[in-house]
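**Student:** predicted model follows, preceded by the sequence.
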Amino acid sequence: MTLARGLPPLRVERALRLLPDVDALGPLRAFLVSTSKPRPAVEPYRTVGKRIVQPAFALREFVPRAIAGVAEHLSALYAAAVEALEAEQRGDMRGIVHALLSAGEREERAGHFTQARVWYDHALAAAEGLHDRRPEIESLRRLGDVAIAHGNVVEGGRYFQRSFALADDERDARGAALACLGLGAVALQEGHAQGAESWYARGLSHAVDDVRLTASLFLGLAEVARARDDLECVEQHLRVALELLEPLDDVDGIARCQDAWARLEAQLGNVDAALAHYRDALARLHKAGSSVALELDIRLDLCQLFLDGQRLPDAEDEIRRAEESSIVHNLTRQLAHVYVMMGKMRAQQHDETGFVFFEKAAELCRGTEPFPRLEARVYLEYGLFRQQLGSREEARALLERAQEILEDFGSSAALVEVSAQISDLT
């Protein structure tokens, strides 16, 4: 061990190449990345692969904990499988669905969206034979959530639509409201503001007794108003959502409201007010030890504010904080967004070496848990980067790559955006 400590550290990219990208080594690979450190020298173009790690002792100490963590995860999944089998013996179909959904939820919390989908598919197959349709309603909604997490908005919309139709028929008010929330988000992502508004309003008619869900629907309506550039209406909806959430001390919900308020103030040109809302949201989340993913999403919005205001040193500071947090908590999607942001910043500096950030972001999107829609967004931004620096042919190739990815999803709004950029180049 003494000899190992005297050896030079490894770059993360080198270490990862030596470890097969298989499920069994997933926790070990993630730990290696999360415990890596920036190199002592200042490297403005570093990405996670350029960080360093001392595997000889760090990973050896981690192995027992990794095995324990994997064992705990597998034990929970096996327990759910046994529970499903026992429920089958009793003829308890609802019990089968409950067990399968609980396993899927555990996989989803771990970021294993592909595996979660398999469990949810099995839950749906079991639920379809029940007289009580609520387990089927929930299974469909869970599948919709997983599809959206992977960026497959159109498929997610189909699941939410089926979930809503069943919930409406069964007079399952909460199930219908949750499906409306998902359908509103799908419509917004597809650029259909009127449809989104209709779904959110319909959800409110079902979510009468659920305060948190009602607040989420008002947040959705605020985003619809923002899409229409009706900033006064944005403020009205946000005020209602905040009034609903404050008595509940819902930290995550309040932070989302503050994030939306900050973006509203930024649109109005009130930069200081926007910064105050961002800082308040981040402080609340930090104090509560709440969702790291949500904190990173808000920090990325703050980075965009600095970029829009040409405050590049402030933007870089925030982006590097977001990068460090994404790496430590193994949040691949957020890390890809961080590198896109870093690439956009380099574009503002007319620095062509910023391409390394887009390349790394695209690589992250093709990992063990792929994010193809985000990958398309990376190529879109990468193409705009090349175009801004005068490389029109490279820009066109990158935009066409984004177009190819999106065509597999049938995402109309994103395809229209990419096609418009290609037409501008032509």
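**Tutor:** Done, it's in. Numbers count the residues shown, from 1 in each chain.
**Student:** Met342: which element?
**Tutor:** helix 332-348 (DSSP states H and E).
**Student:** any low-confidence regions in the chain?
**Tutor:** 1-6, 40-44, 55-59, 62, 410-411 (pLDDT under 70).
**Student:** before we move on, back to that, just the CA trace of the helix holding Met342, in PDB.
**Tutor:** In PDB, the C-alpha atoms belonging to helix 332-348 read as follows (Å, rounded to 0.1, in the frame of the first residue of the first chain):
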ATOM      1  CA  THR A 332     -24.600  12.300 -15.800                       C
ATOM      2  CA  ARG A 333     -27.500  14.300 -17.400                       C
ATOM      3  CA  GLN A 334     -26.600  17.400 -15.400                       C
ATOM      4  CA  LEU A 335     -22.900  17.000 -16.200                       C
ATOM      5  CA  ALA A 336     -23.700  16.900 -19.900                       C
ATOM      6  CA  HIS A 337     -25.700  20.100 -19.500                       C
ATOM      7  CA  VAL A 338     -22.700  21.700 -17.700                       C
ATOM      8  CA  TYR A 339     -20.400  21.000 -20.600                       C
ATOM      9  CA  VAL A 340     -22.800  22.300 -23.100                       C
ATOM     10  CA  MET A 341     -22.900  25.500 -21.000                       C
ATOM     11  CA  MET A 342     -19.200  25.600 -20.900                       C
ATOM     12  CA  GLY A 343     -19.000  25.200 -24.700                       C
ATOM     13  CA  LYS A 344     -21.500  28.100 -25.200                       C
ATOM     14  CA  MET A 345     -19.300  30.200 -22.900                       C
ATOM     15  CA  ARG A 346     -16.300  29.500 -25.100                       C
ATOM     16  CA  ALA A 347     -18.300  30.400 -28.100                       C
ATOM     17  CA  GLN A 348     -18.900  33.900 -26.600                       C
END
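**Student:** give me the distance from that helix to the chain's centre.
**Tutor:** Computed by C-alpha atoms, centre = their mean, to the nearest Å, the chain-centroid distance of helix 332-348 equals 15 Å.
**Student:** who are the packing partners of that helix?
**Tutor:** The contact analysis (3 or more C-beta pairs under 8 Å, 6 or more residues apart in numbering; DSSP states H and E) places helix 332-348 against helix 292-308, helix 312-328, helix 355-365, helix 372-388. Backbone N, C-alpha and C define where each C-beta goes, glycine included.
**Student:** save the ones you listed as TSV, and put in distance to Gln258 and mean neighbour count too.
**Tutor:** Formatted as TSV, those follow (distance: least, C-beta to C-beta, whole Å; neighbours: other C-beta atoms under 10 Å):
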stretch	distance to Gln258	mean neighbour count
helix 292-308	8	20
helix 312-328	16	18
helix 355-365	27	22
helix 372-388	25	22
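**Student:** out of the ones you listed, which gets nearest to Gln115?
**Tutor:** Among the helices and strands packed on helix 332-348, helix 372-388 comes nearest to Gln115, with 17.2 Å by C-beta to C-beta.
**Student:** distance to Ala227 for the helices and strands packed on helix 332-348 - can I get that in a markdown table?
**Tutor:** Shown next, in a markdown table, are the helices and strands packed on helix 332-348 (distance: least, C-beta to C-beta, whole Å):
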| stretch | distance to Ala227 |
| --- | --- |
| helix 292-308 | 16 |
| helix 312-328 | 25 |
| helix 355-365 | 25 |
| helix 372-388 | 18 |
